[in-house]
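Asks: Need the 3D shape of this:
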Amino acid sequence: MRQKINRLGAMVLCLLMSMGLFATSAMAVDNGAYTAATSTYYINPDTGHTDDAGGDGSTAIGEGMCRSVLGKTALVEVEDGTTYVTLRINLLSNLSNLAFEVQQTAGDANSYTAVTPDIMAENAANDTADYRFAVPSATSYVRCTAYV
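Replies: Residues are numbered from 1 along each chain as shown. The predicted structure follows:
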């Protein structure tokens, strides 16, 4: 059976090498695979501040770093009520201690819990890897942290 590919609007929360995905529609999503354009945000929209230590001074640099690391499109898959997100991370050889967290409650900057992603693909020539993990809903923020 062929899976349909649809488009979802999305934005990505980026807090100095922290990224998150937020689908703009809160409606229920049917089983299937969807692409979601990503956007990065260095300033956490829930708090109005950056989440990295000492990063409040140079949002332009932080935003540029986040945009460079995060792929422009995410894959969102819904399988029997479970939603999965796959994010492409670029410049992988420049990152260490990569970790993902998912926001459990919308608007609550303190409700992130760690998730362990599956590595779906790696491309040494392009210096990328695709990471897949479950999220509570299509409207969940996802944050990724790494050292540069």
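Asks: that's a helix at S68, yeah?
Replies: Yes: counting by DSSP: H, G, I helix; E, B strand; the rest coil, one finds S68 located in a helix.
Asks: Give me the distance between it and T40.
Replies: 9 Å (C-beta to C-beta, to the nearest Å). Quick note: C-beta positions are derived from backbone N, CA and C, even for glycine.
Asks: swap in M120?
Replies: From M120 to T40 the distance is 21 Å (C-beta to C-beta).
Asks: Of those two, which one has the most company?
Replies: T40 (22 against 14; other C-beta atoms under 10 Å).
Asks: what's the burial count for K72?
Replies: 12.
Asks: That one and P136, how far apart?
Replies: 24 Å.
Asks: Same check on E63?
Replies: Counting by C-beta to C-beta - E63 and P136 are separated by 26 Å.
Asks: One more: N90?
Replies: N90 is 26 Å from P136, by C-beta to C-beta.
Asks: Same check on D80?
Replies: In terms of C-beta to C-beta, D80 sits 15 Å off from P136.
Asks: Could you do A114 as well?
Replies: A114 is 14 Å from P136, by C-beta to C-beta.
Asks: More neighbours: these two, which one.
Replies: Using other C-beta under 10 Å as the criterion, A114 and P136 rank with P136 on top: 16 against 10.
Asks: Can you tell me, leaving aside adjacent residues, what's nearest to that one?
Replies: Excluding its sequence neighbours, the residue lying closest to P136 (C-beta to C-beta, 6 or more residues apart in numbering) is Q104, at 5.9 Å.
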